[in-house]
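**Student:** only geometry, no sequence info:
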């Protein structure tokens, strides 16, 4: 009888200790997740502030922004002004939506004075205006000065859910600068390694519609942090109630 009682007591003690350990592990995980989201919140706020500052800065020329990139500065969303000649027969089309309409962003190579090429996102055209023949007025000729935002090139497809680019049909689902350039017959060595999104300067005929850069980066980290910390607090409260009831 004594041995049985002792064994039962040991089993209860072990189970209680295991329960305490599991609760502490769960609490540590929840607190860690909450702290991680707070860190992500500070990072995202800093990113948004820096992006806003770069957008508001006066335009710089291409040489200046290339020097910034070489110095390791973040040039994404930095305002830039360039001059060159559009190669309208080599435009590439990126599948996109704009103000509820389906269509394409028109990326046109801009040939610079030094012979290099810069891919410019001239803006949005609806699905039925994909072909350049439907918007001849917007096919600008001669030297053009473009003001817009520098956008860094992607090194890989953003997600497995994004379709592969259909080069044969000139429809791109992700902005692969290298393939866009090569499919337009441009020498890779002569292509500037970033894009420029043109601003809202009106274009004859109204197409493409410029100023389509999106800035709505999701920032839900505060909500996530509150959720994880709230679950941690709930766990402590439940354990506290359980302990009080056991004592009574």
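**Tutor:** That came in fine, so what should we check first? A quick note: this is a predicted structure, and the numbers were derived from the prediction, not measured. Numbers count the residues shown, from 1 in each chain.
**Student:** residues contacting the closest residue to residue 97 other than its chain neighbours?
**Tutor:** Using CB to CB, 6 or more residues apart in numbering and skipping the chain neighbours, the partner closest in space to residue 97 is residue 103 (7.3 Å). Yep, even glycine has a C-beta here, placed from its N, CA and C like the rest. Listed by CB atoms under 8 Å, 6 or more residues apart in numbering, the contact set of residue 103 reads 96-97, 124-127, 129-130.
**Student:** pick the one among those closest to residue 29.
**Tutor:** Nearest to residue 29, judged by CB to CB, of these is residue 97 at 38.8 Å.
**Student:** per-residue pLDDT, the closest one?
**Tutor:** pLDDT, residue 97: 88.
**Student:** same check on residue 195?
**Tutor:** 90.
**Student:** in space, what's closest to it - neighbours in sequence excluded?
**Tutor:** Here the residue nearest residue 195, using CB to CB, 6+ apart, is residue 151, at 4.4 Å.
**Student:** quick one: that neighbour and residue 105, what's the gap?
**Tutor:** Distance, residue 151 to residue 105, by CB to CB, to the nearest Å: 11 Å.
**Student:** joint contacts of those two?
**Tutor:** Common contact partners of residue 151 and residue 105 (CB under 8 Å, 6+ apart): residue 121.
**Student:** who has more neighbours out of these two?
**Tutor:** Set side by side, residue 151 and residue 105 show more neighbours around residue 105, with 24 against 19, by other CB atoms under 10 Å.
**Student:** so what are the sheet partners of the helix or strand hosting the more buried one and their directions?
**Tutor:** Using DSSP states H and E, the element containing residue 105 is strand 101-111. In the sheet, strand 101-111 lines up against strand 79-86 (antiparallel), strand 92-98 (antiparallel), strand 117-126 (antiparallel) (DSSP bridges).
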